[in-house]
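Enquirer: Sequence and predicted structure are below.
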Amino acid sequence: MPGGRLTQQERQQIVLGLADGLAYAEIARGLDRPTSTVTREVMRNGGPAAYRADLAHRATERRARRRKPAAPRGTQPPAQADGRDAEAVREYEEVFTTLMMQQGLPKMMSRVLTCLFTTDAGSLTAAELVQRVQVSPASISKAITFLEAQGLIRRERDERRRERYLVDDDVWYQSMIAAARSNAELARTARQGVNILGPGTPAAARLENIARFLDFVAESITRAADQAREILATKPGTPGQDRG
């Protein structure tokens, strides 16, 4: 299996595979590369809809120039206390951040949320976030305000009276419920326009259909979230465990 960086020709093959609607695993088999390599390559360079071979190749070269010189042969970087591969963790965080951005979350908010999800404690102070994300305190404050408003994080004070920002299992449930409420509010607003624009008019009919659709979506999200909430309180099985 070939190692090292992807070549420009391989990146072009990825473009063709994406255009043909192939899964990452299929593209990877054609390149004789791990699926994770193709997944990281696409997600860190705009995602499947925006991936371009030439831009990806130039971006990789820029990243390589910014990296520190390689350690002399025979030396190894110091092992992390948790035993994790720092480079693999960094690449995973980049993929996760990109996926959330594709869901509509702004970049800085996605980076902060990824940090919280991937720390074992599930919580960080503002100072810790500044250090991890390498941005200004003002940027972190803005991201925190946005994420709190979306119901994606919450805050609490630790034993030293410092504010900590955290994600927990119930955050996903609360976020889904907030999305359902938002859809329900949109439905109510759309329905108000029916009388204003005149029942029976094309515009009113359009708004009524939107309202009916959003009502259905809001009810479905709420029902599904309530039914699935117990999953969040259940400890997952070990990797590879049979779910059947």
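Expert: Everything's here; your move.

Enquirer: who are the neighbours in contact with the residue nearest to residue 164 when sequence neighbours are not counted?
Expert: The shortest distance from residue 164 to any non-neighbouring residue, by CB to CB, 6 or more residues apart in numbering, is to residue 123 (4.4 Å). (C-beta placed from N, C-alpha, C; glycine too.) Counting by CB atoms under 8 Å, 6 or more residues apart in numbering, residue 123 touches 116, 156, 164-167.

Enquirer: If we use 7 Å, what do you get?
Expert: 116, 164-166 (CB atoms under 7 Å, 6 or more residues apart in numbering).

Enquirer: Quick check: buried residues in the one helix or strand residue 192 maps to?
Expert: Residue 192 is located in helix 169-197, with elements delineated by DSSP states H and E. Buried positions in helix 169-197, judged by neighbour count with 16 or more other CB atoms under 10 Å: 171-173, 175-177, 179-180, 183-184, 186-187, 190-191, 193-194.

Enquirer: next structured bit after that helix?
Expert: Helix 169-197 is succeeded, C-terminally, by helix 202-232 (DSSP H and E).

Enquirer: In terms of secondary structure, what does that next one contact?
Expert: helix 169-197 (3 or more CB pairs under 7 Å, 6 or more residues apart in numbering; DSSP states H and E).

Enquirer: How far does the helix it packs on sit from its chain's centre?
Expert: Averaging C-alpha positions (CA atoms, centre = their mean, to the nearest Å) puts helix 169-197 22 Å from its chain's average.

Enquirer: Now do it against helix 202-232: the angle between them, please.
Expert: Here helix 169-197 points in a direction 170 degrees away from that of helix 202-232 (axes from the mean of the first three to the mean of the last three CA atoms, to 10 degrees).

Enquirer: Could I get the average pLDDT for helix 169-197?
Expert: Helix 169-197 comes out with an average pLDDT of 88.

Enquirer: And the residue nearest to residue 164, how close does it get to residue 117?
Expert: With distances taken as CB to CB, to the nearest Å, residue 123 is found 11 Å from residue 117.

Enquirer: same deal with residue 87?
Expert: According to CB to CB, residue 87 and residue 117 sit 19 Å apart.

Enquirer: These two: who's more crowded?
Expert: A direct count of neighbours by other CB atoms under 10 Å for residue 87 and residue 117 places residue 117 higher, at 13 against 9.

Enquirer: Check the residue nearest the centre of the chain and give its pLDDT.
Expert: Per CA atoms, centre = their mean, the C-alpha nearest to the average position across the chain is that of residue 100, at 2.5 Å. We have a pLDDT of 82 for residue 100.

Enquirer: List the residues that contact it.
Expert: 110, 113.

Enquirer: That one is in what secondary structure piece?
Expert: Per DSSP H and E: helix 86-102 holds residue 100.

Enquirer: In CSV, list the C-alpha atoms belonging to that helix.
Expert: Coordinates of the C-alpha atoms in helix 86-102 are reproduced here as CSV (Å, rounded to 0.1, in the frame of the first residue of the first chain):
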residue,chain,number,x,y,z
ALA,A,86,-1.4,13.9,18.5
GLU,A,87,-1.3,14.2,14.7
ALA,A,88,-4.2,11.7,14.4
VAL,A,89,-6.2,13.6,17.0
ARG,A,90,-5.5,16.9,15.2
GLU,A,91,-6.7,15.5,11.9
TYR,A,92,-9.8,14.0,13.4
GLU,A,93,-10.7,17.4,15.0
GLU,A,94,-10.2,19.0,11.6
VAL,A,95,-12.6,16.5,9.9
PHE,A,96,-15.2,16.9,12.7
THR,A,97,-15.0,20.7,12.5
THR,A,98,-15.5,20.7,8.7
LEU,A,99,-18.5,18.4,9.1
MET,A,100,-20.2,20.8,11.5
MET,A,101,-19.4,23.7,9.2
GLN,A,102,-21.2,21.8,6.4
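
Enquirer: Brilliant, that's me finished.
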